[in-house]
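A.B. asks: sequence-free structure coming up:
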């Protein structure tokens with residue numbers, strides 16, 4: 001890494017008065033440093049250098065500004081730099097102000113930085129506090145839900161930002177404020193085909209909200225009607241019986257033959273985990289059973305190939321077809337688990353994970369063998385498709 005003298009010289013090149021070509025070469029060099037762990041560790045102790053880089057996000061040169069934002073994206077991906085960026089460089093107020101500008105060119109880069117900074121609870125709390133002071137979560141949701149707010153940005157990475165923020169009870173309180181109708185505005189994005197990032201972030205937000213079991217009844221009521229938005233991405237074109245169709249929410253009845261399921265396995269798994277959270281209360285379990293969730297899960301299980309998603313589906317099905325818990329244990333989130341049982345459950349989870357990974361590896365090998373066999377058969381054929389003699 002650089003010596004203190006070399007670092008000081010580098011800093012002098014980041015002055016706004018420096019020639020554009022020299023500034024450009026310097027930001028390119030720092031961008032290279034920010035792309036590896038050793039470089040990030042070095043920059044972590046150089047807050048003055050980072051402040052100079054951040055100041056250049058207002059440089060007249062678009063190329064220099066772009067480099068500076070990419071540097072900040074790389075640095076914000078490293079948890080050990082979060083406090084430096086937030087407390088020493090003080091990036092948040094400036095970034096949030098620029099984010100609100102409907103003409104700003106680098107809004108998407110700001111969304112990515114904020115998403116990175118909110119991955120861990122400590123910095124997430126700081127971001128939420130400054131957000132409420134500078135803009136408010138309401139403006140963030142408005143931007144996210146307003147198509148064309150900024151014609152130079154798509155704001156897809158606001159979605160994982162919202163998901164990260166809902167780690168916090170105060171953010172969930174806002175999202176699920178009955179007078180604001182915020183969560184209802186997010187629901188349609190569970191099927192937003194233009195961006196897997198946007199879909200995944202919204203599903204993550206809904207999953208976090210469902211950890212608040214006291215709100216399950218409201219989430220499943222007509223006021224929100226969350227269930228169809230969680231089920232529809234998991235439903236396929238399979239033909240159900242008339243009785244099964246009649247029990248389903250209206251949006252899931254008699255789906256067309258070309259109905260496609262969510263193609264991202266991580267999102268499918270999150271959707272299943274969200275449904276499982278909704279079965280934690282007796283009322284939630286009854287609603288999912290009354291709304292014929294089981295037939296959708298039955299067909300989904302037959303279709304699903306990812307072992308981790310299949311395991312999540314099986315956990316949900318067990319609850320849907322299993323007996324009700326004994327009296328006093330209806331709310332599964334409030335049941336006190338003895339320490340020895342908790343240890344055994346964790347051990348069982350680890351064992352299950354290992355078995356799933358082993359099963360997935362075996363499936364991968366089988367696929368490779370099939371491909372090799374297919375390639376071998378192809379090579380044995382002559383130009384006219386017949387076997388060579």
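C.D. replies: Sure thing, it's come through. Every value quoted in this text rests on a predicted model; they were computed, and no experiment measured them.
A.B. asks: so where is this protein shaky, pLDDT-wise?
C.D. replies: Counting by pLDDT under 70, the chain shows low-confidence ranges at 324-361, 363-368, 370-389.
A.B. asks: Give the full set of residues in contact with residue 73.
C.D. replies: 109, 112, 113, 116 (CB atoms under 8 Å, 6 or more residues apart in numbering). (Each C-beta comes from the backbone N, C-alpha and C, glycine too.)
A.B. asks: Pick the one among those closest to residue 22.
C.D. replies: Checking the contacts of residue 73 against residue 22 by CB to CB gives residue 109 as the nearest, at 23.3 Å.
A.B. asks: Looking at the contacts of residue 73, which is nearest residue 37?
C.D. replies: Among these, residue 116 lies closest to residue 37 (CB to CB), at 15.5 Å.
A.B. asks: Residue 156 looks like it's in a helix, true?
C.D. replies: No: using DSSP: H, G, I helix; E, B strand; the rest coil, the assignment for residue 156 is coil, not a helix.
A.B. asks: was I right about it contacting residue 195?
C.D. replies: Yes: Residue 156 is in contact with residue 195 according to CB atoms under 8 Å; the separation is 4.5 Å.
A.B. asks: ok, these two, which is more surrounded?
C.D. replies: residue 156 (22 against 15; other CB atoms under 10 Å).
A.B. asks: Distance-wise, check that one relative to residue 18.
C.D. replies: 34 Å (CB to CB, to the nearest Å).
A.B. asks: Could you do residue 290 as well?
C.D. replies: Taking CB to CB, one finds residue 290 at 68 Å from residue 18.
A.B. asks: So for those two, which sits in the more crowded spot?
C.D. replies: Remark: of residue 290 and residue 18, residue 18 carries more neighbours, 15 against 9, as counted by other CB under 10 Å.
A.B. asks: which residues does the more buried one contact?
C.D. replies: Contacts of residue 18 (CB under 8 Å, 6+ apart): 12, 26.
A.B. asks: Using the three-state scheme, assign it.
C.D. replies: coil.
A.B. asks: Could you measure from it over to residue 59?
C.D. replies: As defined by CB to CB, residue 18 lies at a distance of 10 Å from residue 59.
A.B. asks: what's the burial count for the closest residue to residue 190 other than its chain neighbours?
C.D. replies: Take residue 190 and drop its neighbours on the chain: the residue closest to it by CB to CB, 6 or more residues apart in numbering is residue 229, 4.8 Å away. Using other CB under 10 Å, residue 229 has 23 neighbouring residues.
A.B. asks: how much space is there between residue 229 and residue 76?
C.D. replies: Using CB to CB, one gets 31 Å for the distance from residue 229 to residue 76.
A.B. asks: and what of residue 42?
C.D. replies: 16 Å.
A.B. asks: With neighbour numbers in mind, choose between those two.
C.D. replies: residue 76 (23 against 16).
A.B. asks: The more buried one against residue 117, yeah?
C.D. replies: Yes: Residue 76 is in contact with residue 117 according to CB under 8 Å; the separation is 5.3 Å.
A.B. asks: Overlap in contacts, these two.
C.D. replies: 82, 85.
A.B. asks: Was I right to think residue 229 contacts residue 185?
C.D. replies: No: here residue 229 does not reach residue 185: they are 11.7 Å apart, not a contact under CB under 8 Å.
A.B. asks: got the contact list for the residue found closest to residue 108 once you drop the neighbours it is linked to in the chain?
C.D. replies: Residue nearest to residue 108 in three dimensions, not counting chain neighbours: residue 153, with 4.7 Å by CB to CB, 6+ apart. Applying CB under 8 Å, 6+ apart, we find residue 153 in contact with 104, 105, 107, 108, 111.
A.B. asks: Centre-most residue in the chain?
C.D. replies: For the chain, residue 201 is the residue whose C-alpha lies nearest the centre (CA atoms, centre = their mean; 3.8 Å).
A.B. asks: Which residues does the host helix or strand of it contact?
C.D. replies: Assigned by DSSP states H and E, residue 201 falls within helix 196-209. For helix 196-209, the surrounding residues in contact (CB under 8 Å, 6+ apart) are 156-163, 166-167, 172, 175-176, 183, 186-187, 189-193, 215, 219, 226, 229-230, 233, 262, 264, 266-267, 270-271, 273-274, 277.
A.B. asks: So which bits of the helix or strand that comes right after it are buried?
C.D. replies: Downstream of helix 196-209, the first helix or strand assigned by DSSP H and E is helix 216-220. Buried positions in helix 216-220, judged by neighbour count with 16 or more other CB atoms under 10 Å: 216, 219, 220.
A.B. asks: nearest residue to residue 207 other than its sequence neighbours?
C.D. replies: residue 274 is the one closest to residue 207 (CB to CB, 6+ apart), at 4.3 Å.
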